[in-house]
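S.K.: generate coordinates for the sequence data below:
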Amino acid sequence: MDTDRPGGEVSSKEQRDVIEYLIDSQGWAYRKPRGGGYPKLVPADRAKPPIRVPRTGHTRGHAFDNWIAAIRRSGGHWPPDRKPGEGNC
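M.R.: All right, here's what the predicted structure looks like:
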């Protein structure tokens, strides 16, 4: 399936990072808004419904957390796993 790439319609860099990671590593698709609607993420499992991308730029609030939870319920994984040697272990 062809997919768009997120641009200025997604207000936060963290949201764009999540979308690009899902597209590049997990087979998800992204659809830009049509006629004033919301952008949508299409899960790799096409039996699951698309997920609306919030327009707000606040990545540390309920809307962002709920969006990530919807992604996880649809089979997506975020944040990416750490590679060995990263972090404070």
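
S.K.: switch to C-alpha atoms for all contacts and neighbour counts from now on
M.R.: Noted.

S.K.: could you check how far P39 is from T3?
M.R.: 12 Å (C-alpha to C-alpha, to the nearest Å).

S.K.: and the lowest-mean-pLDDT helix or strand in the chain, how far out from the chain's middle?
M.R.: Taking mean pLDDT, DSSP states H and E as the measure, the helix or strand of the chain with the lowest value is helix 62-73, at a mean of 90. In terms of C-alpha atoms, centre = their mean, to the nearest Å, the centre of helix 62-73 is set 9 Å apart from its chain centre.

S.K.: pull out the buried positions in that helix.
M.R.: A63, F64, W67, I68, I71 (16 or more other C-alpha atoms under 10 Å).

S.K.: the last one touches I51, doesn't it?
M.R.: Yes. Shown here, I71 and I51 form a contact pair, counting by C-alpha atoms under 8 Å, at 7.3 Å.

S.K.: shared neighbours of those two, anything?
M.R.: P43 (C-alpha atoms under 8 Å, 6 or more residues apart in numbering).

S.K.: and the helices in the protein?
M.R.: 13-26, 62-73 (DSSP state H).

S.K.: how about the ones you listed in TSV, adding distance to R46?
M.R.: Converted to TSV, the helices of the chain look like this (distance: least, C-alpha to C-alpha, whole Å):
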stretch	distance to R46
helix 13-26	13
helix 62-73	13
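
S.K.: and of those, who's closest to D45?
M.R.: helix 13-26 (10.0 Å; C-alpha to C-alpha).
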